[in-house]
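A.B. asks: Okay, sequence plus prediction incoming.
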Amino acid sequence: MKRDAFQAIADPTRRAILMSLKEKEQNVNAIAEQFDMTRQAVSLHVKYLEECGVISVYQTGRQRICKLDVKELNTVNEWMEPFKELLEGQFRKMDKVLAKLKKK
């Protein structure tokens, strides 16, 4: 079964892994230390993310290093494009309300 970027971001743990890889490449043990779950559970998430094509994993010695691959994540960005104007409008309205509250 072909997995995609939308499946990758559907789970909060996988989103958190992606966010941590945004900062730097990490080995699976370093990623696992950030979560309150077993290394095996984190490895399954890593495998899933790799199958979705949003990360790549390469071997360096005995370590498996995970690297973010944003190319596939661009599909999510492209899908979100029509909604950005709507969201930006909502943020502008919220900015106006906050500005009014600050004046009071």
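C.D. replies: That came through fine.

A.B. asks: which helix is the longest one in the chain?
C.D. replies: Longest helix in the chain, counting residues (DSSP state H): helix 70-103.

A.B. asks: how about the residue nearest to Asp4 when sequence neighbours are not counted, what does it touch?
C.D. replies: Nearest non-adjacent residue to Asp4, counting by Cβ to Cβ, 6 or more residues apart in numbering: Cys52, 6.1 Å away. C-beta coordinates here come from the backbone N, C-alpha and C atoms, glycine included. The neighbours of Cys52, taking Cβ atoms under 8 Å, 6 or more residues apart in numbering as the test, are Arg3, Asp4, Ala5, Gln7, Ala8, Glu72.

A.B. asks: got CSV for the residues you listed, with pLDDT, neighbour count and secondary structure too?
C.D. replies: Output for the contacts of Cys52, formatted as CSV (pLDDT from 0 to 100; neighbours: other Cβ atoms under 10 Å; DSSP: H, G, I helix; E, B strand; the rest coil):
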residue, pLDDT, neighbour count, secondary structure
Arg3, 89, 15, coil
Asp4, 93, 14, coil
Ala5, 95, 22, helix
Gln7, 95, 16, helix
Ala8, 96, 24, helix
Glu72, 92, 17, helix
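
A.B. asks: of all these, which two lie farthest apart?
C.D. replies: Gln7 and Glu72 (10.6 Å; Cβ to Cβ).
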